[in-house]
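**Q** Any chance you could fold what I've pasted below:
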Amino acid sequence: MAYAESEAETVRVETDIEQVLTGLQVGLAGAKGTCCWCGRELHDSHCVTVYAYRTAGHDQWNLPRMYCRDCNEGEIETPTLGTAEVVATAFLGVLQVAASQTSRLVLTGVELEEYSGPDDGSDA
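**A** Alright, predicted model coming up:
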């Protein structure tokens, strides 16, 4: 979900998770990332599996884990209450930002594999 606030009202726009994750930056900086399982360097055009989550009441999605095609360890084993969690496959792409003369590694072609809503799971 995306929100835009104006002086008069708040506008709520609903979209699917694939669209929200498309363009999400992976890695810290530059145009490379790392598989969190085997340590392999990942670049533009690699196919990856990612685990992402968003806690209830927040708009920002977090992307703590990315796996290469060989490792593909993405799985929601124990859903967390109050957190939307997803496992998705995607291709890596490079986004070039002209204003700052930088490039970022981002998700493209995102396909949802697993979803756990904020009402799933337990708090213990």
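**Q** Can you show me the strands along this structure?
**A** Per DSSP state E, the chain carries strands over the ranges 2-5, 10-13, 33-34, 41-42, 47-55, 62-68, 83-97, 102-116.
**Q** Quick one: those as CSV, columns for mean neighbour count and distance to residue 21 too.
**A** In short, each C-beta sits where N, CA and C put it, glycine included. Listed next are the strands of the chain as CSV, based on neighbours: other CB atoms under 10 Å; distance: least, CB to CB, whole Å:
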stretch, mean neighbour count, distance to residue 21
strand 2-5, 9, 13
strand 10-13, 9, 16
strand 33-34, 19, 14
strand 41-42, 16, 16
strand 47-55, 19, 6
strand 62-68, 18, 8
strand 83-97, 18, 6
strand 102-116, 17, 5
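**Q** Mean pLDDT for the ones you listed - can I get that in CSV?
**A** As requested, the strands of the chain are exported to CSV (pLDDT from 0 to 100):
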stretch, mean pLDDT
strand 2-5, 52
strand 10-13, 72
strand 33-34, 88
strand 41-42, 91
strand 47-55, 93
strand 62-68, 91
strand 83-97, 92
strand 102-116, 91
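**Q** nearest to residue 23, of the ones you listed?
**A** Distance to residue 23, taken as CB to CB, is lowest for strand 102-116 among the strands of the chain, at 5.1 Å.
**Q** The closest one versus strand 62-68: what angle between them?
**A** With axes from the mean of the first three to the mean of the last three CA atoms, to 10 degrees applied, the angle from strand 102-116 to strand 62-68 works out at 90 degrees.
**Q** Return the angle between stretch directions for strand 102-116 and strand 47-55.
**A** Taking the same axes, to 10 degrees, one finds that strand 102-116 is oriented at 70 degrees with respect to strand 47-55.
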